[in-house]
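Novice: my questions concern the predicted model and sequence given below.
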Amino acid sequence: MSKPDFIPLNIAVLTISDSRTDADDKSGNLLVDHLQTAGHKLADKKIVRDDIYQIRAVLSQWIADDNIHAVLTTGGTGVTGRDGTPEAVEVLFDKTIEGFGETFRMLSYDEIKTSTIQSRAIAGVANATYIFCLPGSPGACKTAWEKIIAAQLDHRTRPCNLVMLIPRLKE
């Protein structure tokens, strides 16, 4: 029995930072490299300040676009006063993917021990678009992509994956 062909998704990347530029956006660029290496298409890439309204403005445009299947954000998931990504994004979710944050922190524990409790990584679905909110460190983005997201955005992953559900997200 042959394995089915890969289905490329259109994925947007949003870096949330008060200091990053395209030239030094290590995490955002890492995510772009990983998604393209996997065979997906970069739908768009932006950098915004850690401001809930700027975050929501960009995400709202992307989730309204039927051609964007998933969004990866990096930054703003910590606990400092400027970290507002979860607060900006959660209100946009139609459904929260609870297991993502739990699994991410479990896997991160092997790498950074108890420091993982400082991560408020979350994921959900908004208007049939998957959104994954990752910490700002390249190591965290690498862990999330390689150990969770890559497999879930590949319809060949069994027993199930998120791509299989795309046709049913607007039911």
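Specialist: Thanks, I have it. Numbering: from 1, shown residues only.
Novice: any idea how far residue 168 lies from residue 125?
Specialist: Distance, residue 168 to residue 125, using Cβ to Cβ, to the nearest Å: 11 Å. All C-beta atoms are positioned from the backbone trio N, CA, C, and that covers glycine.
Novice: so what's residue 166 up against?
Specialist: 69, 128 (Cβ atoms under 8 Å, 6 or more residues apart in numbering).
Novice: which of residue 168 and residue 125 has more residues huddled nearby?
Specialist: residue 125 (21 against 8; other Cβ atoms under 10 Å).
Novice: quick check: residue 42 touching residue 11?
Specialist: Yes - at 6.6 Å, residue 42 and residue 11 qualify as touching, with contact defined as Cβ atoms under 8 Å.
Novice: between these two, which one's more packed in?
Specialist: Neighbour tally, residue 42 and residue 11, criterion other Cβ under 10 Å: the higher count belongs to residue 11, 28 against 14.
Novice: now the helix or strand harbouring that one - C-alpha only, PDB.
Specialist: Using DSSP states H and E, residue 11 sits in strand 10-16. Once non-C-alpha atoms are left out, strand 10-16 reads as follows in PDB (Å, rounded to 0.1, in the frame of the first residue of the first chain):
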ATOM      1  CA  ASN A  10      -0.700  27.800   3.300                       C
ATOM      2  CA  ILE A  11       0.800  29.000   6.600                       C
ATOM      3  CA  ALA A  12       1.400  32.500   7.800                       C
ATOM      4  CA  VAL A  13       4.000  33.400  10.400                       C
ATOM      5  CA  LEU A  14       3.600  36.300  12.900                       C
ATOM      6  CA  THR A  15       6.500  37.500  15.100                       C
ATOM      7  CA  ILE A  16       5.400  39.400  18.100                       C
END
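Novice: noted, bye for now.
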